[in-house]
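Novice: got a predicted model here, sequence first, then my questions.
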Amino acid sequence: MAVSFAEMVQRRLSRREFLKAGTALAAAAALPGCGKTAPTLAASGKSALTFTEQSAEMTTQLEVPPGYQAQVLLKWGDPLWADGPAFDPQQQSAEKQQLQFGFNNDFIGFLPLPLGSSNSEHGLLVVNHEYTNSATMWPGSPPDTKLDKAQTDTDIVAHGLSVVEIRYQNGQWQQIKNSAYTRRITPLTPMQISGPAAGSSRLKTAISADAVHTLGTYGNCAGGVTPWGTVLTGEENIDAMFAGDYSQSSEYDSLKRFGMEVQPQKSWARHYPRWDLSQQPNESLHMGWIVEIDPYDPNSTPKKRTLLGRFKHEGANVFINADGRVVAYMGDDQKFEYLYKFVSSGRYQPDNRAANLDLLDSGTLYCARFDADGTVDWLPLQFGEGPLQAANGFHSQADVLIDTRKAADLLGATPMDRPEDVEVNPANGAVYVMLTKNADRTDKQLNPVNPRARNKAGQIVELVPPKGDHTQNSFAWELFLLAGRRDDPSTNYHPATAVSSWIACPDNCAFDSQGHLWVTSDGAEDFGIAEGVWATEVSGPDRALMRRFLRAPVGSEVCGPFFTPNDQHFFCSIQHPGSGSSFEQPATRWPDFDATLPPRPAVVVINRPDGKVVGS
């Protein structure tokens, strides 16, 4: 068995198959269901990615290629309103933080103004605030579990999202602080549970007697922007906020499968029963969803779309199929968890925004099973079908969605190496899956799409729907890239990859309008190289030729890559700079480099002063 498996992996990684996949994708771009025409530059054999590559050296600075400028647009603590309080790390409070840009920005979405336009110089920026680092957030670097109540209140509202209006003027982006769109969304913001799980008795809690109205979102990692102008934000590591003995709860199995722990990782449960599992265990079932937010309507109530399942969502990215149905791809970002797809029942109406706002409340959720023959099958997570019956603890579709992981276990989904960002390339219609790493995988746990034991470097997988139809239940798949050290024989780098341009731990991704794949990292520093952003072609002779575009400050992670419609401006998040160090003696003081200020997570926007597209 071991020999045949090794032969299978070798076939899938062979140089011949590697180039054939690129040719097939170039042809597939013309098929129905693809968003745009195939890029001509890659097909001609001449890459459009001509920027000077960055070195892999770890430094305290952020570096971009010559000819580019990087503007720090928003930093933790920046006031979001004209009369908002200035940032003072020595005098923080929940009241101030509620009016300021939150901590550890992750996902970024740029939505043009006015609504429905393709304006690349005026729009709304929606940014996730995933989690906090008390060591660099507070003087004295207190542990996350030891914050007092006032600090905890500040910590709580530092999570969630920020919505701001921005405009490009005189060669710089400006935040419009008197904008009617400005908004902070936090763990205390009123929200609504929608879809099949709404009203379930399992979701009735102290803050939600009807299991429909609830409060807040947190642990927000990646996300996506819908074609109808809303944002999908993924609730990921929400278990960190909960603590307490839940052994007597009727939800014990569900909480355990989600990873809830008795010992605290944060201080929230110490001060508030809402996050104490010994008092309110069902409160945790309100978290772990995809939340849809309408940034164009600051008075709108965000909705938790339960039909997209409950797990540790990295994010959700939407594609409009040729028949108008909405397809969303999602990863459950934990070791040995699964890849998911949602297909709507209704169809997108480009001229009727109101009709699109609830498209995610009707349809089918699927989990993925990868096979050695190069196919991936999408298995419906539907109550009453197969093992999803009362005998296995499922009494309704609500139960299937609340316990999505358990349902996928029973269906035989393929355990993955931490599925993170999953996005559709607008140029060729293929789906690209970032698998960050899984050092816990053993030789006995190998499978075709996760072929390496003790996988510390991750891989990128490419899925090709038949004839461009994303609603089909069987796709083809390829190992686009096995990341890691350039000289590691288990990697499959393009032969021309520069010595300093190998990548480890792919995390988030984005596509420009030409279909180039842009990838960020989270864990490259463990290999002795700087975190950053890489770009590559997906077809032609330079397929999977990784080029390092950005070098991040030490201790940080790059997240949220996002392009304006004209490809001239590239947004990204620099999260937790100086991580692993202290408030008083940080590894870097980026971006202020002020001895009185700690390092601050921030949003950066990169462009060329000459107005050319990013990447050229």
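Specialist: Perfect, I can see it now. Numbering: from 1, shown residues only.
Novice: partner strands of the helix or strand where Leu73 lies, with direction?
Specialist: Assessed by DSSP states H and E, Leu73 sits inside strand 69-75. Partners of strand 69-75 in the sheet, by DSSP bridges, are strand 602-607 (antiparallel).
Novice: what is the subsequent helix or strand relative to the strand holding Leu73?
Specialist: helix 94-97.
Novice: any buried residues in the host helix or strand of Arg405, and which?
Specialist: Here Arg405, judged by DSSP H and E, is contained in helix 404-411. The neighbour-count check on helix 404-411 (16 or more other Cβ atoms under 10 Å) flags 404-411 as buried. For glycine as for every other residue, the C-beta is placed from the backbone atoms N, C-alpha and C.
Novice: just those now: which is nearest Ser521?
Specialist: Closest to Ser521 out of the buried residues of helix 404-411 is Arg405 (26.3 Å), distances taken as Cβ to Cβ.
Novice: low-confidence stretches in the stretch 1-150 of the chain?
Specialist: 1-45 (pLDDT under 70).
Novice: run the last query once more with 90
Specialist: 1-47 (pLDDT under 90).
Novice: over to the stretch 401-550 of the chain?
Specialist: For the stretch 401-550 of the chain, applying pLDDT under 90 flags the ranges 500.
Novice: where do the strands of it begin and end?
Specialist: 419-424, 431-435, 459-464, 474-482, 506-511, 517-521, 532-536, 547-551 (DSSP state E, counting those that start in this stretch).
Novice: for the fourth one, buried residues please.
Specialist: The neighbour-count criterion (16+ other Cβ under 10 Å) identifies 475-482 as the buried residues of strand 474-482.
Novice: and which of those is nearest Asp526?
Specialist: Leu482 (16.7 Å).
Novice: quick check: bridge partners of the closest one?
Specialist: Gln459.
Novice: ok, back up a step: make a markdown table from the buried residues of helix 404-411 and add distance to Glu95 to it.
Specialist: What follows is the buried residues of helix 404-411, written out as a markdown table (distance: Cβ to Cβ, whole Å):
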| residue | distance to Glu95 |
| --- | --- |
| Thr404 | 37 |
| Arg405 | 38 |
| Lys406 | 41 |
| Ala407 | 43 |
| Ala408 | 42 |
| Asp409 | 44 |
| Leu410 | 47 |
| Leu411 | 48 |
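Novice: looking at those, which one is closest to Val126?
Specialist: Lowest distance from Val126 to the buried residues of helix 404-411 (Cβ to Cβ) belongs to Thr404, with 25.1 Å.
Novice: need the contact list for that closest one.
Specialist: Under the criterion of Cβ atoms under 8 Å, 6 or more residues apart in numbering, the contact list for Thr404 reads 309-311, 340, 365, 367, 381.
Novice: mind doing that once more with 7 Å?
Specialist: Thr404 is in contact with 309-311, 381, counting by Cβ atoms under 7 Å, 6 or more residues apart in numbering.
Novice: out of the strands of the stretch 401-550 of the chain, which is closest to Thr205?
Specialist: Proximity to Thr205 (Cβ to Cβ) singles out strand 419-424 among these, at 29.1 Å.
Novice: measure the most centrally placed residue in the chain to Gln349 for me?
Specialist: Closest to where the C-alpha atoms of the chain average out (Cα atoms, centre = their mean) is Ala222, at 2.4 Å. For Ala222, the distance to Gln349 (Cβ to Cβ, to the nearest Å) stands at 27 Å.
Novice: next: Tyr296.
Specialist: 17 Å.
Novice: what is the burial count for the nearest residue to Ser579 once chain neighbours are set aside?
Specialist: With sequence-adjacent residues excluded and distances taken as Cβ to Cβ, 6 or more residues apart in numbering, Ser579 is closest to Gly555, at 4.2 Å. Using other Cβ atoms under 10 Å, Gly555 is surrounded by 23 other residues.
Novice: ok, now Gly528?
Specialist: 11.
Novice: quick check: next helix or strand after the helix or strand hosting Val343?
Specialist: Using DSSP H and E, Val343 falls within strand 339-347. Heading C-terminal from strand 339-347, the first helix or strand you meet, by DSSP H and E, is helix 353-356.
Novice: what is the helix or strand following that next one packed up against?
Specialist: The first helix or strand that comes after helix 353-356 along the chain, using DSSP H and E, is strand 363-370. Under the contact criterion of 3 or more Cβ pairs under 7 Å, 6 or more residues apart in numbering; DSSP states H and E, strand 363-370 touches strand 339-347, strand 375-380.
Novice: and strand 363-370, average pLDDT?
Specialist: In this model, strand 363-370 has an average pLDDT of 98.
Novice: next: stretch 179-196.
Specialist: On average, stretch 179-196 scores 98.
Novice: now it: buried residues?
Specialist: 179, 181-189, 191, 193-196.
Novice: now do stretch 113-120
Specialist: For stretch 113-120, by 16+ other Cβ under 10 Å, it's 113, 119-120.
Novice: not counting its own residues, what contacts that stretch?
Specialist: 112, 122-124, 229, 296, 564-566, 568-569.
Novice: rerun at 10 Å
Specialist: 110-112, 121-124, 165-168, 176, 179, 181, 228-229, 295-297, 350-351, 353, 563-569 (Cβ atoms under 10 Å, 6 or more residues apart in numbering).
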